[in-house]
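*Asks:* quick one: sequence and predicted model below, then my questions.
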Amino acid sequence: MSAHIAFRGVSKRFEVKVRGSRQHTEFTAVDGIDLDVGRGEFVVLVGPSGCGKSTLLDLLGGLTAPSEGEILLDGRPITGPGLDRGTVFQQYALLPWRTAQGNVEFGLEATGVPRRRRAERAREFLDLVGLTGFEDRHPHQLSGGMRQRVAIARSLAYDPQVLLMDEPFAALDAQTRESLQDELLRIWQRTGKTVVFITHSIDEAVHLGQRVVVLTSRPGRVKEVVPIDLGDRTRQDDLRSSTEFARYRHRIWDLLHDEVSRAQLQEKEVVGA
Amino acid sequence: MTALLETPPQAEDRRTSAPSRPQRTLARILDALLTGAGKVVAIAVLLAVWEVAPKLGLVDSTFLPPFSTVLESWWDLALSGKLLDNTWASLVRSLSGFGLAVAAAVPLGLLIGWYKPVATLLSPLLEVFRNTAALALLPVFVLLLGIGETSKIAIVFYACTWPILLNTISAVRTVDPTLLRLARSMDLSGFRLFQKVILPSSVPTVFTGIRLAGALSILVLVAAEMVGAKAGLGYLINASQYNFAIPQMYAGIITLSAIGVLFNQVLVALERRFTSWRVPVGA
């Protein structure tokens, strides 16, 4: 079986202006990424801050183009944004003047679903994320967790093949985050979408990912891919305190540890320079 | 499964709809009554002082006649039809200039805000015009357009254009960047982006400009009518002063301020209606 998403030697470099002079230097965000993601797989990318996680997601979303290499989606290179990929942002990105229902319909309007089907489908997906009864609320009337549910429903409603999630739960409190993680797993199992999830939380990575891709600090490279085998996670009550979970957690912590200190060192160098 | 599905929203719901509905409505009515009473009291005190001060001889009643005298004169003006004629003349000029400014400046502002090169090109020019007081240009308008209706409507139009134009431009340019990212990730066409994201998110800021323009439209018109006109509230006030009909002058002034308050209230109500989705202040 060929990969659903394939990164082939992907690098991304940015031109950065050097402060106080007219010179430009090149800044390598990600370098030589090779990675295959299978159809319906849940892959989590973790790495220290500034390792180019978000750059990878932008590349996958088609918002920027790689400097080298290519990203294939079903064997075809990605050349721009499209509705075959749905993005969930950390800041929710809900339209404040629309209700929950209207926000979910927003995605459907872009795909040309007829008006009558839109309302029906939006309700269906709000139900999927557990927001039945909140259709007429505006974003400012919803809590952070509920807003992110709306955003997830919006991304799922237009039926993309891939769900791209950019630290979607980072702005939420711990309890809401855990309940949304469980719910995301349930939704993923139910819809069978391919999910590429970015986080800097090791717990979140172990809890969600079938495979966890550990990235190095700047420039971002794939350090190691850790397969996580925890059985069916939605059926276990307190998965996070199992010994298996702790083992994976420690493994990834180990891998990240060096990278984090290296990243901190890099930051200090930048500040000192 | 369903239990899992429904528990979290309920838990989260508790904080979004804390007090029950009837209780909230009652509290709101009480609140409105209290604020309403507060406003009435302040105005009543002002009018009482106005009434009493000239009668007690604290101020010269020739120059500040008691409020009741002013009211009488207002009533005479109203009965003679002079008040209505002058008010009508002012309103027509004011609303035409204001309406034309809204009709022209909103689309123009959207266009300028949307096309960055245009904004860069025009911004120094806009800056100059904005900082040139409209009234300073009144003689120019009179020179070019005469002392008839055209020059008065034109000066109101001119004065109203800037706040609307500048607010509209900044509304378009300060759309939440995450929403733009969302639109881009969904591959929205330029037209759809404009229609579904930029336009609705600009409404509140555009309305701020419209409200500023509403206040300006009356201010500038009155000044223009004082300089040269044969009708209008500005003319009435000025002419009354010349003819030493002081109570009549005050009658004109209170009519004017009533119109100003009313106009602003209408605009505020419109603004509320169009931006009800915004986070309520103090929530």
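*Replies:* Looks like it arrived, so ask away. Nothing here was measured: the structure is a model prediction, and the numbers come from that model.
*Asks:* give me the neighbour count for residue 118.
*Replies:* Reading this off chain A. Other residues within reach of A:Arg118, judged by other Cβ atoms under 10 Å in any protein chain shown, total 21. Using the backbone N, CA and C atoms, a C-beta is placed for each residue, glycine as well.
*Asks:* look at chain B instead
*Replies:* Applying other Cβ under 10 Å, I find that B:Val118 has 14 neighbouring residues.
*Asks:* got the phi and psi for residue 154?
*Replies:* You didn't say which chain, so I picked chain A. phi -60, psi -40 (degrees, to the nearest 10).
*Asks:* I figured it hits A:Asn103, correct?
*Replies:* Yes: the criterion here is Cβ atoms under 8 Å, and A:Arg154 meets it with A:Asn103 at 5.5 Å.
*Asks:* compare these two (neighbour count), which wins?
*Replies:* Legend: neighbour count by other Cβ under 10 Å for A:Arg154 and A:Asn103, higher for A:Arg154 (29 against 25).
*Asks:* tell me, what's touching A:Arg154 and A:Asn103 both at once?
*Replies:* A:Leu94 (Cβ atoms under 8 Å, 6 or more residues apart in numbering or on different chains).
*Asks:* can you give me the helices for chain A?
*Replies:* Under the criterion DSSP state H, chain A contains helices at A:53-61, A:100-111, A:115-128, A:144-157, A:174-191, A:202-208, A:243-272.
*Asks:* what residues sit buried inside the last one?
*Replies:* Same thing as helix A:243-272. Within helix A:243-272, the residues scored as buried using 16 or more other Cβ atoms under 10 Å in any protein chain shown are A:Phe245, A:Tyr248, A:Arg249, A:Arg251, A:Ile252, A:Leu255, A:Leu256, A:Glu259, A:Val260, A:Ala263.
*Asks:* nearest residue to the second one in space, please, no chain neighbours.
*Replies:* I take that to be A:Tyr248. Ranked by Cβ to Cβ, 6 or more residues apart in numbering or on different chains and with sequence neighbours excluded, the top spatial neighbour of A:Tyr248 is A:Val206, at 4.6 Å.
*Asks:* contact partners for the one you found?
*Replies:* Residues counted as contacts of A:Val206 (Cβ under 8 Å, 6+ apart) are A:Val212, A:Ile228, A:Leu230, A:Phe245, A:Tyr248, A:Arg249, A:Ile252.
*Asks:* rebuild the residues you listed as a markdown table, extending it with pLDDT.
*Replies:* Output for those, formatted as a markdown table (pLDDT from 0 to 100):
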| residue | pLDDT |
| --- | --- |
| A:Val212 | 88 |
| A:Ile228 | 80 |
| A:Leu230 | 76 |
| A:Phe245 | 80 |
| A:Tyr248 | 84 |
| A:Arg249 | 84 |
| A:Ile252 | 83 |
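*Asks:* nearest to B:Leu58 among those residues?
*Replies:* Closest to B:Leu58 out of those is A:Arg249 (82.2 Å), distances taken as Cβ to Cβ.
*Asks:* so where's chain B shaky on pLDDT?
*Replies:* B:1-22, B:279-283 (pLDDT under 70).
*Asks:* can you give me the helices in it?
*Replies:* Under DSSP H, chain B gives helices at B:2-16, B:21-55, B:67-80, B:82-114, B:116-130, B:138-145, B:149-173, B:177-185, B:190-193, B:199-227, B:233-242, B:246-274.
*Asks:* ok so, going back, from A:Gly192, how far out is the residue nearest to A:Tyr248?
*Replies:* For A:Val206, the distance to A:Gly192 equals 22 Å [Cβ to Cβ, to the nearest Å].
*Asks:* what do you get for B:Tyr242?
*Replies:* Distance, B:Tyr242 to A:Gly192, using Cβ to Cβ: 85 Å.
*Asks:* cool, B:Phe207 as well?
*Replies:* 46 Å.
*Asks:* these two: who's more crowded?
*Replies:* Set B:Phe207 next to A:Gly192 and count neighbours by other Cβ under 10 Å: B:Phe207 wins out with 21 against 9.
*Asks:* neighbours of the closest residue to B:Val106 other than its chain neighbours, how many?
*Replies:* Nearest residue to B:Val106, sequence neighbours excluded (Cβ to Cβ, 6+ apart): B:Thr168, at 5.5 Å. Neighbours of B:Thr168 under the rule other Cβ under 10 Å: 27.
*Asks:* isn't B:Thr168 up against B:Thr205?
*Replies:* Yes: contact criterion Cβ under 8 Å: B:Thr168 and B:Thr205 qualify, at 7.4 Å.
*Asks:* what does the stretch 51-200 of chain B put close to chain A?
*Replies:* Within the stretch 51-200 of chain B, the positions lying close to chain A (Cβ under 8 Å from any Cβ of the partner chain) are B:176, B:178-179, B:181-182, B:184-188, B:192, B:196-197, B:200.
*Asks:* possible to save the residues you listed as a markdown table with distance to B:Ser94?
*Replies:* Below are those laid out as a markdown table (distance: Cβ to Cβ, whole Å):
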| residue | distance to B:Ser94 |
| --- | --- |
| B:Asp176 | 35 |
| B:Thr178 | 41 |
| B:Leu179 | 37 |
| B:Arg181 | 43 |
| B:Leu182 | 41 |
| B:Arg184 | 43 |
| B:Ser185 | 46 |
| B:Met186 | 44 |
| B:Asp187 | 46 |
| B:Leu188 | 40 |
| B:Arg192 | 37 |
| B:Lys196 | 35 |
| B:Val197 | 34 |
| B:Pro200 | 29 |
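*Asks:* what's the ChimeraX line that selects buried ones from those?
*Replies:* Here is the ChimeraX command that picks out the buried ones among these, judged by 16+ other Cβ under 10 Å:
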select /B:179,181,182,184,185,186,187,188,196,197,200
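*Asks:* grab the nearest non-local neighbour of A:Ile5.
*Replies:* Distances taken as Cβ to Cβ, 6+ apart place A:Val37 nearest to A:Ile5, at 4.1 Å, with adjacent residues excluded.
*Asks:* my guess is that neighbour meets A:Thr194, correct?
*Replies:* Yes: look at A:Val37 against A:Thr194 with Cβ under 8 Å: they come within range, at 6.3 Å.
*Asks:* list residues touching both of those two?
*Replies:* Here A:Val37 and A:Thr194 share the contacting residues A:His4, A:Ile5, A:Val43, scored by Cβ under 8 Å, 6+ apart.
*Asks:* so which of those sit within strands?
*Replies:* Secondary structure from DSSP state E places A:Ile5, A:Val43 of the shared contacts of A:Val37 and A:Thr194 in strands.
*Asks:* please name the nearest non-neighbouring residue to B:Ile147.
*Replies:* Excluding its sequence neighbours, the residue lying closest to B:Ile147 (Cβ to Cβ, 6+ apart) is B:Gly228, at 4.4 Å.
*Asks:* burial check on that neighbour, number of neighbours?
*Replies:* 16.
*Asks:* against B:Glu149, how distant is it?
*Replies:* For B:Gly228 relative to B:Glu149 (Cβ to Cβ), the value is 12 Å.
*Asks:* on that earlier part again, redo the helices of chain A as TSV? Include distance to B:Pro54.
*Replies:* TSV is the format used below for these (distance: least, Cβ to Cβ, whole Å):
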stretch	distance to B:Pro54
helix A:53-61	72
helix A:100-111	59
helix A:115-128	66
helix A:144-157	60
helix A:174-191	66
helix A:202-208	76
helix A:243-272	71
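*Asks:* nearest to A:Glu167, of those helices?
*Replies:* helix A:53-61 (8.1 Å).
*Asks:* give me the residues contacting that closest one.
*Replies:* A:5, A:7, A:10, A:12, A:29-30, A:33, A:45-47, A:64-66, A:71, A:78, A:81, A:85, A:87, A:162, A:164, A:166, A:196, A:198, A:200, A:215, A:220, B:185.
*Asks:* for PyMOL, write the selection for the buried entries among the residues you listed.
*Replies:* Under the burial definition 16+ other Cβ under 10 Å, those of the contacts of helix A:53-61 that qualify are selected in PyMOL by:
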select buried, (chain A and resi 5+7+10+12+29+30+33+45+46+47+66+71+78+81+85+87+162+164+166+196+198+200+215+220) or (chain B and resi 185)
